[in-house]
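Asks: this one's structure only:
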């Protein structure tokens, strides 16, 4: 069995969290492995900022940026009148799945669930989402839908606007939004959004699943099958995950307060389209029904993507549609 499990890596990083050196033997004992097995993990731990000193001890200069519900909550208290409950987990399957299970069980699901790592993270169309330990932000925010599920039209796009604005508040990057739910920096995928709707005896809810790459370890990036980036690579600065998580929660709360009252209105549509990298460019939309090629013309008031072909103007909904630039198709 491999020594490199998310749980074990998190144990080691937690022990090194304060930035002080820890002997190899003490760290191995803490992680319940042999010093020899710990030594085999060093190449991967280096990707997490771990450094070995001349005396053989290990440390993370500056400490480990672990998620902290108290620090996130303090930022929320300073910005919001109504502060949601925030729960931070270590390693879990999927924060969206956990939120859904709690809602469907009729329990008092926390408003926000974060995790240091996911073992079953996923994106749109069931694709796996790489979720390495203590590296990124994996967040599921539960929002009530008093108007029922029909009131959720455009919610994924509104979420994208809020998250993009939050990221730009804390990181020196410009975020674009690839319809319907990808966040890009310099044309590369920075993160994604997965909105799931749930109806139970507790009413209708939306689970806003958000994954943002902050600092992706090299050893976990080899399985990613598309052009990607993270905030560290894109901004050349250390990004505090707690501050980023708080900014996302704050922007979501503020944006969705208006969304619940007015839906996907002209202001949200304008803010989304200002970030559309496909506007007035040749695109191809693929689905099981075939292909549509033409000029991207933004989104309509329902949040569907508009394509002007040689003969007509058509709209496509999210569903199972894949949208790409034509020259990259």
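Replies: Good, I have the coordinates. Remember, it's a predicted structure, so these values are computed and weren't measured experimentally.
Asks: Hmm, residue 10 is touching residue 131, no?
Replies: No: taking contacts as CB atoms under 8 Å, residue 10 lies outside contact range of residue 131: 12.0 Å. Bear in mind the C-beta positions are built from the backbone N, C-alpha and C, glycine included.
Asks: which SSE is the nearest residue to residue 67 once chain neighbours are set aside in?
Replies: Nearest residue to residue 67 in three dimensions, chain neighbours excluded: residue 88, at 4.7 Å (CB to CB, 6 or more residues apart in numbering). Here residue 88 is covered by strand 86-92, with elements defined by DSSP states H and E.
Asks: buried residues in the following helix or strand past that strand?
Replies: Past strand 86-92, further along toward the C-terminus, the next helix or strand under DSSP H and E is helix 95-104. Residues of helix 95-104 classed as buried by neighbour count (16 or more other CB atoms under 10 Å): 95, 96, 97, 98, 99, 100, 102, 103.
Asks: domain parsing for this structure?
Replies: The domain map for the chain lists 6-59, 69-273, 282-328, with the assignment taken from automatic domain parsing.
Asks: Dump these to JSON lines, plus mean pLDDT.
Replies: Rendered in JSON lines, the data for these read as follows (pLDDT from 0 to 100):
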{"stretch": "domain 6-59", "mean pLDDT": "94"}
{"stretch": "domain 69-273", "mean pLDDT": "91"}
{"stretch": "domain 282-328", "mean pLDDT": "90"}
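Asks: what's the most buried one of those domains?
Replies: The highest mean neighbour count among the domains of the chain, using mean count of other CB atoms under 10 Å, belongs to domain 69-273: a mean of 19.
Asks: hang on, residue 143 packs against residue 206?
Replies: Yes: proximity of residue 143 to residue 206 meets the contact threshold set by CB under 8 Å, at 4.8 Å.
Asks: which residues are contacting stretch 230-248?
Replies: In this structure, residues lying in contact with stretch 230-248 by CB atoms under 8 Å, 6 or more residues apart in numbering are 62, 65, 67-68, 71-72, 75-76, 79, 114, 136-137, 139, 141, 162-163, 166-167, 169-173, 185-186, 188, 190, 210, 212-216.
Asks: now, which of those residues lie within strands?
Replies: Filtering those for membership in strands, criterion DSSP state E, returns 114, 137, 139, 141, 185, 188, 190, 210, 212.
Asks: any idea where the strands of this protein begin and end?
Replies: Taking DSSP E to define them, one finds strands in the chain at 51-52, 58-59, 86-92, 112-118, 137-144, 176-178, 182-185, 188-200, 203-212, 282-287, 290-299, 305-308, 313-316, 322-325.
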